[in-house]
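Participant: I would like to see how this sequence folds:
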Amino acid sequence: MNIAYVSQDILGLLAKAKRKGIMLSLVRLSVFFVMAAAFIVGVTDKPLFLLLFLLSLIGFIYLIILFNQNRDETAFLSELVKMEEEKIKRNSRNLQGFDTGAEFIDKGHPFSSDLDIFGSHSLFQLLNHTVNKGGKAKLASWLQSQMNPDLATQRSGAVRELSQHPKFISDFEAIGRAFIKEEKSKTGFYNWLKQSETWWPFYYLPLVLGPIGGSILLILTAVGMIPPVWIGAWIVLGIFSLTLVFKPLQEASKVFPNQGDIKTFGKWASLIEKSDFADPYLHSLKEPIKNENFVASEVLKSLEQKTFMIQNRINLMFVIFNLIFWIDFFLLWRAEIWRKRFGSHIGAWEEVFDTWQALVSLGAFTYEEQNTSFPTWSREKTIEAKNLKHPLIPKEKAVGNDFSFHENTKTILLTGSNMSGKTTFMRTLGINMVMANIGLGPMAESFILGPFQLFTSMRNSDNLGESVSSFYAELARIKQLLSKAEEGDTVFFLLDEILKGTNTADRIMGSEALIRQLAASNCKGIISTHDIELSQLQNSLNYLVNKSFHSEIMDDKIHFDYKLKEGPCPSFNAHKLMELMGIRF
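Facilitator: Predicted structure coming up:
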């Protein structure tokens, strides 16, 4: 880890927390030995030592609480350190090792598979700061959704405000990373919340009798008024009594969420409750967490405690206490009360937390990039961008382009030599549209965007398993676009080197037919091609505009400036590229 970029304050606090953890471990071990010795001596020889056992037990429990608090602090600070390192990697666009979101790759999706939304070196890797499956799925669903200007505007306001609270953003992410380790499905828990009550009225008798009877027997034995054998008899009676609640508690133990999940929810709730956001959308997401009826952090803290106790009932210390004080009755009683009062809320809270995770991811990206330019949504079918760049290309290498697509233009025919930047530019435009749609500012000085659906056809490949050629795959993709056109959808399309799988004559004829057919619909977009003959269509089609990327050959090398230019490409470089690769003409 390159700690040169990590805050020295965080590193100092982490080192201090680790030292404290070692000290607490040693003290706790010493107290445990004292407690064990006092219990053995008290039971076998001197009953008065049972009082020392009780005192040392209280101290041991207190040390456990301190140790767990210190462990949580250490985990939290450790994640902050890792996040600083990841921030440096993201800034340099070194995305290796980040979650690719590969499970969301869908070749049939209208645009995501062509625009590097998921997979290796993807937008998902650049943006994702979520920490569990729900948050991850929420962010992925936003990235895959079609254009929705109203929803995008709502999110962008929340993202802007969140980006001005970097501590909230980092604390929110670090909390989840620190405590959510092996996430457990909550389906069984939600089913348990809907089940009928397992508490019977006669359970109140052992609920009260257990703690009182156990305490009295311990005190009387300690002062020598009764022999220790009475404690043994009490334990035997407790074993029979505890069988009444063993099964419902065992079932609850299996389905209760992991303690780390609930701890995360509780700490997230506390963080949100303490926040003071002005944005209406953020305020609406805070309402389910804190209202006049309850405070979610307190409810979740209570659930965390119950989860810990129920899932750690086989712990040796708990077993001893349980046999003496019959604690299982108290656990079941409190669990039933919690289920009755708050069981209906936790599912809604989890959904809200997923949304917060997605927004925190966008806020973190906006803060790290210091991106203050947000899109302007227009009702006109137009796109205008100034200095538009690709977010996945390192900043020092990314070339910006100005671009305009006016209301009366239907098709831009994009020509250019090999490797000149045609495909990269089309992906740049598409991925910035996706960013604008999820509430982010695009990588541009300004960006005006109309109400389009987005559709792409760029990475059509053959499929041996389905006996599908790349040409057929492209035709199937174009058929999807034509279906949208027939349905009257307002689509902005990006078609890269269309019909490249057939001969030149058929490709030119088919391309022209497609251009004319799409122009008769609500669809408009960009088509890239190597067929310079198609550029002549501008003379007869007033809705078609030629744009291009150029290259120059100097000193036996090909040079590219990656700048978008008006008009068709005047020259191509395939001959020179083949020559440089050793093909002699």
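Participant: count of neighbours near the closest residue in space to V399 that isn't next to it in sequence?
Facilitator: In space, and not counting its chain neighbours, V399 is closest to Y562: 4.2 Å by CB to CB, 6 or more residues apart in numbering. All C-beta spots, glycine's among them, are computed from the backbone N, C-alpha and C. Neighbours of Y562 under the rule other CB atoms under 10 Å: 19.
Participant: count of neighbours near T376?
Facilitator: There are 13 residues near T376, going by other CB under 10 Å.
Participant: number of nearby residues for the residue nearest to it when sequence neighbours are not counted?
Facilitator: Closest residue to T376 apart from its sequence neighbours, by CB to CB, 6+ apart: I448 at 4.7 Å. Neighbourhood size, I448 [other CB under 10 Å]: 18.
Participant: Which of the residues in the helix or strand encompassing I448 are classified as buried?
Facilitator: Using DSSP states H and E, I448 falls within strand 446-449. Residues of strand 446-449 classed as buried: F447, I448, L449 (neighbour count, 16 or more other CB atoms under 10 Å).
Participant: what does stretch 277-284 give?
Facilitator: The neighbour-count check on stretch 277-284 (16+ other CB under 10 Å) flags F277, D279, Y281, L282 as buried.
Participant: from memory F67 sits against S25, does it?
Facilitator: Yes - with contact defined as CB atoms under 8 Å, F67 counts as touching S25 (6.9 Å).
Participant: tell me the contacts of F325?
Facilitator: By CB atoms under 8 Å, 6 or more residues apart in numbering, F325 lies in contact with G210, P211, G214, S215.
Participant: how about S120, phi and psi?
Facilitator: As for S120, its main-chain torsions (degrees, to the nearest 10) stand at phi -70, psi 140.
Participant: surely the residue nearest to V399 meets M419?
Facilitator: No - Y562 lies out of contact with M419 (CB under 8 Å); the separation is 9.7 Å.
Participant: Off-centre distance for whichever strand or helix holds W333?
Facilitator: Taking DSSP H and E as the definition, W333 sits inside helix 327-342. With CA atoms, centre = their mean, to the nearest Å as the basis, helix 327-342 stands 33 Å off its chain's centre.
Participant: quick one: buried residues of that helix?
Facilitator: Buried residues in helix 327-342, counted by 16+ other CB under 10 Å: I327, D328, F329, F330, L331, L332, A335, E336, W338, R339, F342.
Participant: and the direction of the host helix or strand of S215 versus that of helix 327-342, what angle?
Facilitator: Here S215, judged by DSSP H and E, is contained in helix 204-222. Angle, helix 204-222 to helix 327-342, by axes from the mean of the first three to the mean of the last three CA atoms, to 10 degrees: 140 degrees.
Participant: Quick one: residues in contact with helix 204-222.
Facilitator: With CB under 8 Å, 6+ apart, helix 204-222 has contacts from 42, 47-48, 50-51, 54, 226-228, 230-231, 234, 238, 241, 244, 324-327, 329-330, 333.
Participant: Mind checking which of those are buried?
Facilitator: 42, 47, 50, 54, 231, 234, 238, 241, 324-327, 329-330.
Participant: ok so, going back, F374 is in contact with the residue nearest to T376, correct?
Facilitator: No - contact criterion CB under 8 Å: I448 and F374 do not qualify, at 11.3 Å.
Participant: Which strands and helices lie in contact with the helix or strand that contains L162?
Facilitator: Assigned by DSSP H and E, L162 falls within helix 149-163. Helices and strands touching helix 149-163, by 3 or more CB pairs under 8 Å, 6 or more residues apart in numbering; DSSP states H and E, are helix 166-179, helix 280-286, helix 346-369, strand 376-377, helix 422-438.
Participant: Compare these and give me the one nearest K395.
Facilitator: When those are compared by CB to CB, helix 346-369 sits nearest K395, at 8.9 Å.
Participant: The closest one: which residues count as buried?
Facilitator: 346, 349-350, 352-369.
Participant: Just give me the neighbour total for the residue nearest to E173 when sequence neighbours are not counted.
Facilitator: Leaving out its chain neighbours, the residue that sits closest to E173 by CB to CB, 6+ apart is H129, at 5.0 Å. H129 is flanked by 25 other residues according to other CB under 10 Å.
Participant: For H129, give its distance to S170.
Facilitator: In this view, H129 and S170 are 9 Å apart by CB to CB, to the nearest Å.
Participant: what does N94 give?
Facilitator: 20 Å.
Participant: ok so, going back, generate JSON lines for the buried ones among the contacts of helix 204-222, with distance to E552 as supplementary columns.
Facilitator: Shown next, in JSON lines, are these (distance: CB to CB, whole Å):
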{"residue": "G42", "distance to E552": "93"}
{"residue": "P47", "distance to E552": "98"}
{"residue": "L50", "distance to E552": "93"}
{"residue": "L54", "distance to E552": "88"}
{"residue": "I231", "distance to E552": "94"}
{"residue": "W234", "distance to E552": "94"}
{"residue": "G238", "distance to E552": "90"}
{"residue": "S241", "distance to E552": "90"}
{"residue": "I324", "distance to E552": "88"}
{"residue": "F325", "distance to E552": "86"}
{"residue": "W326", "distance to E552": "87"}
{"residue": "I327", "distance to E552": "82"}
{"residue": "F329", "distance to E552": "85"}
{"residue": "F330", "distance to E552": "82"}
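Participant: so L362 makes contact with L127?
Facilitator: Yes - between L362 and L127 there is a contact under CB under 8 Å: 6.7 Å.
Participant: could you point out which element follows the helix holding S215?
Facilitator: On the C-terminal side of helix 204-222, the closest following helix or strand by DSSP H and E is helix 229-255.
Participant: That next one: which residues count as buried?
Facilitator: For helix 229-255, by 16+ other CB under 10 Å, it's I231, W234, L237, G238, S241, L242, V245, P248, L249, A252, S253, V255.
Participant: dump the residue contacts of the closest residue in space to W356 that isn't next to it in sequence.
Facilitator: Leaving out its chain neighbours, the residue that sits closest to W356 by CB to CB, 6+ apart is L285, at 6.3 Å. Contact analysis of L285 by CB under 8 Å, 6+ apart lists A158, I272, V352, T355, W356, L359.
Participant: The third one against I289, yeah?
Facilitator: Yep, that's V352 we're talking about. Yes - with contact defined as CB under 8 Å, V352 counts as touching I289 (6.7 Å).
Participant: How is E396 assigned, secondary-structure-wise?
Facilitator: For E396, the assignment made with DSSP: H, G, I helix; E, B strand; the rest coil gives coil.
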